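> quick one, structure for this:
(one chain, ligands or ions: 1)
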Amino acid sequence: MLVASSAEAAKEIMKTHDLKFANRPKLSMPDTLTYGSSDITFSPYGEFWRQVKSIAVVHLLNTARVQSFRQVREKQTALMIETIAKSHKSVIDLSELSFWLVNNIVCTVSLGKSYQGLKFTDLLERFVHVLGALCIGNFIPWLSWIDRLSGLQDKAHKVAKDFDDFLEGVVKEHLDKRKEWDDQSKEDRDLVDILLDIQSANALGFALQRETIKAIILDVFAAGTDTTYASLVWSLSELMRHPRVMKKLQQEATEVAQGRSMIYESDLDKMEYLKATIKETLRLYPPIPLLIPRQSMQDVKLMGYDIPAGTQTIVNAWAIGHDPTLWDEPDEFRPERFLNSSIDYKGLHFELIPFGAGRRGCPGVQFAIVMYELALANVIYKFNLELPNGVEAKDLDMSETNSLTLHKKTPLLVIATPRF
Ligand code: HEM
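Residues are numbered from 1 along each chain as shown. Here you go, the predicted model:
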């Protein structure tokens, strides 16, 4: 296995030799959870991956599509703000509210409606826990009996079954709805409708299986929700611990809003400090700290080392974000470091790669960032937040979960007071 923990090595893997490292290794947990890796994230490099990724980009993730979902984001953000306002200074769980905000947006635009009320938080938690679990059989195949004995495989099958029940229901609902219409305008079709259209038109050159449709929905559901809400919670938590940064951000929001009741998406480009705060959060807490494993497809010489074809390759984005040779006082939360800096997270600057880079880089960057910016801007614009029960900011529990996605271990509980 190859582990890259420097920006230079990351650049070699994800830029110089990107094509050679564009494969994903076949791993047993993703295989169990994503219908034999027939989703976008875990499918091997090749024509199938290109086609399924292209469907998600064309119909959900490109700039024009992301912009077209603006009303959904603004409506869901307003609903979250309303819920916080109604708390009347009682303790609220910002982790849970962040989860539902992101999940409602993702589900509305990809599945046609939100599914609030279902036990998604628990299901998704089990999903990323199993996905990120150390699976001995992936490294030493003859020891895979340990994964059976440890109960890991049973857990994976149970999560896969629970998710499948949900996804099967979503597909059935869409199929039933289709019996009632056939001249619905294209704009009203969500991602599931589009996948079913492609399936019935046999438009890909290969049959789009029901399982592949479910795998793609699962990808968008899990990759979209878990990462973005984790980041929102980390930003809010760091702001609680850094009143100076919070105040500066609130000042920026107040200036931009000009007395209006809400910050809108058209305001976000004027919020330099907000953008710097988000970059700083993604540097310190990359939601997928080790990105998604890659695999070399050919022998390759990398920084003087001979790497054989088939080597599992991990890029440690967390280590790069904390590298003292790249970042001054790397453990400090200081958004100012990104003001007047061209460093961005879009895959061109290898010192900041929370979304990965290159061919296998995250196609959901725009989709994620705009909902993240809008939610963060509005929460801090509308409310002053304090920790309950006399907890001091410096004592806020910032411990991290140990799974594929980096979450704050304990929920972020606050008391919110309207600012005006
Ligand atoms: C803060 C939010 C997000 C972060 C930090 C994030 C991060 C990542 C990372 C690190 C990868 C692997 C990149 C690599 O191997 O180089 C990835 C892949 C992916 N992400 Fe995201 N992601 C986020 C949001 C989203 C959203 C909102 C969606 C869709 C709605 C999405 C869909 C995907 C998909 C489909 C892939 C697989 C790409 C491939 O293998 O070709 N992500 N993401």
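> these two touch, right, Leu101 and Ala78?
No. The criterion here is Cβ atoms under 8 Å, and Leu101 misses it with Ala78 at 10.4 Å. Every residue, glycine included, has its C-beta placed from N, CA and C.
> more crowded one of those two?
Taking neighbours as other Cβ atoms under 10 Å, Leu101 and Ala78 compare with Leu101 leading, 27 against 14.
> skipping adjacent residues, who's closest to the more buried one in space?
Excluding its sequence neighbours, the residue lying closest to Leu101 (Cβ to Cβ, 6 or more residues apart in numbering) is Met80, at 4.7 Å.
> so the one you found sits against Leu97, correct?
Yes. Assessed by Cβ under 8 Å, Met80 is found in contact with Leu97 at 5.6 Å.
> so which of these two has more stuff around it?
Set side by side, Met80 and Leu97 show more neighbours around Leu97, with 25 against 21, by other Cβ under 10 Å.
> give the contact list for the more buried one.
Met80, Thr83, Ile84 (Cβ atoms under 8 Å, 6 or more residues apart in numbering).
> so which strand or helix has it?
helix 94-111 (DSSP states H and E).
> pLDDT (mean, whole number) over the longest helix seen in the chain?
Criterion DSSP state H: the longest helix present in the chain is helix 210-241. Averaged over helix 210-241, pLDDT sits at 94.
> how many degrees apart are the helix or strand immediately after that helix in the chain and helix 210-241 in direction?
Sequence-wise, the next helix or strand downstream of helix 210-241 (DSSP H and E) is helix 243-257. For helix 243-257 against helix 210-241, the angle by axes from the mean of the first three to the mean of the last three Cα atoms, to 10 degrees is 110 degrees.
> other residues contacting helix 243-257?
Applying Cβ under 8 Å, 6+ apart, the set of residues contacting helix 243-257 is 238-240, 263, 267, 270-274, 277, 333, 335, 377, 380-381, 385, 393, 419.
> same thing but 10 Å
235-236, 238-240, 242, 263-264, 266-274, 276-277, 280, 333-336, 376-386, 393, 419-420 (Cβ atoms under 10 Å, 6 or more residues apart in numbering).
> next, the contact list for Arg126, please.
Arg126 neighbours (Cβ under 10 Å, 6+ apart): Lys155, Ala156, Lys158, Val159, Asp162, Phe163, Ser403.
> filter those down to the buried ones and hand me the PyMOL line.
Buried residues within those, by 16 or more other Cβ atoms under 10 Å, are selected in PyMOL with:
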select buried, resi 155+156+159+163+403
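> what is in contact with Met80 and Leu97 at once?
Shared contacts of Met80 and Leu97 (Cβ under 10 Å, 6+ apart): Ala375, Val379.
> please identify which of the contacts of Arg126 is nearest to Asp197.
Phe163 (23.3 Å; Cβ to Cβ).
> and that closest one, what helix or strand is that in?
Phe163 belongs to helix 152-180, assigned by DSSP H and E.
> buried sites along that helix?
Buried-residue list, helix 152-180, by 16+ other Cβ under 10 Å: Leu152, Gln153, Lys155, Ala156, Val159, Ala160, Phe163, Phe166, Leu167, Val170, Val171, His174.
> report the separation between the fifth one and His129.
According to Cβ to Cβ, to the nearest Å, Val159 stands 8 Å off from His129.
> and for these two, which residues touch both?
In contact with both Val159 and His129: Met29, using Cβ under 10 Å, 6+ apart.
> contacting residues for Arg337?
Ala276, Lys279, Glu280, Arg283, Trp327, Asp328, Glu329, Pro330, Ile343.
> I'd like to know which of these are buried.
Ala276, Lys279, Glu280, Arg283, Trp327.
> between which two of those residues is the distance greatest?
Every pair of these checked by Cβ to Cβ; the farthest is Ala276 and Trp327, at 13.8 Å.
> write out the residues of the stretch 101-250 of the chain neighbouring the ligand.
Asp219, Val220, Ala223, Gly224, Thr227, Thr228, Ser231 (Cβ under 6 Å from any ligand atom).
> including neighbour count, could the residues you listed go into JSON lines?
Formatted as JSON lines, these follow (neighbours: other Cβ atoms under 10 Å):
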{"residue": "Asp219", "neighbour count": "22"}
{"residue": "Val220", "neighbour count": "24"}
{"residue": "Ala223", "neighbour count": "24"}
{"residue": "Gly224", "neighbour count": "23"}
{"residue": "Thr227", "neighbour count": "26"}
{"residue": "Thr228", "neighbour count": "25"}
{"residue": "Ser231", "neighbour count": "26"}
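> would you map the helices across the stretch 251-400 of the chain?
Under the criterion DSSP state H, counting those that start in this stretch, the stretch 251-400 of the chain contains helices at 272-284, 317-321, 365-382.
> tilt between the first one and helix 243-257?
Pointing back at helix 272-284 there. Put simply, helix 272-284 runs at 140 degrees to helix 243-257, going by the same axes, to 10 degrees.
> shouldn't Leu406 be in contact with Met398?
No. Contact criterion Cβ atoms under 10 Å: Leu406 and Met398 do not qualify, at 11.3 Å.
> between these two, tell me which one has more neighbours.
The neighbour comparison of Leu406 against Met398 (other Cβ under 10 Å) goes to Leu406, with 24 against 16.
> ok so that one is a helix residue?
No. Counting by DSSP: H, G, I helix; E, B strand; the rest coil, Leu406 is not found in a helix; it is coil.
> in contact with it, which residues?
128, 132, 227, 230-231, 234, 284-290, 317-318, 354, 400.
> what of Phe69?
Per Cβ under 10 Å, 6+ apart, neighbours of Phe69: Leu60, Gln76, Ile105, Val106, Thr108, Val109, Ser110, Phe367, Val370, Met371.
> over to His322?
Listed by Cβ under 10 Å, 6+ apart, the contact set of His322 reads Ser5, Arg283, Leu284, Pro286, Asn316, Pro330, Asp331.
> how about the buried ones among the contacts of Arg337 in a markdown table, adding pLDDT and distance to the ligand?
Below are the buried ones among the contacts of Arg337 laid out as a markdown table (pLDDT from 0 to 100; distance: Cβ to the nearest ligand atom, whole Å):
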| residue | pLDDT | distance to the ligand |
| --- | --- | --- |
| Ala276 | 98 | 16 |
| Lys279 | 98 | 12 |
| Glu280 | 98 | 14 |
| Arg283 | 98 | 11 |
| Trp327 | 98 | 18 |
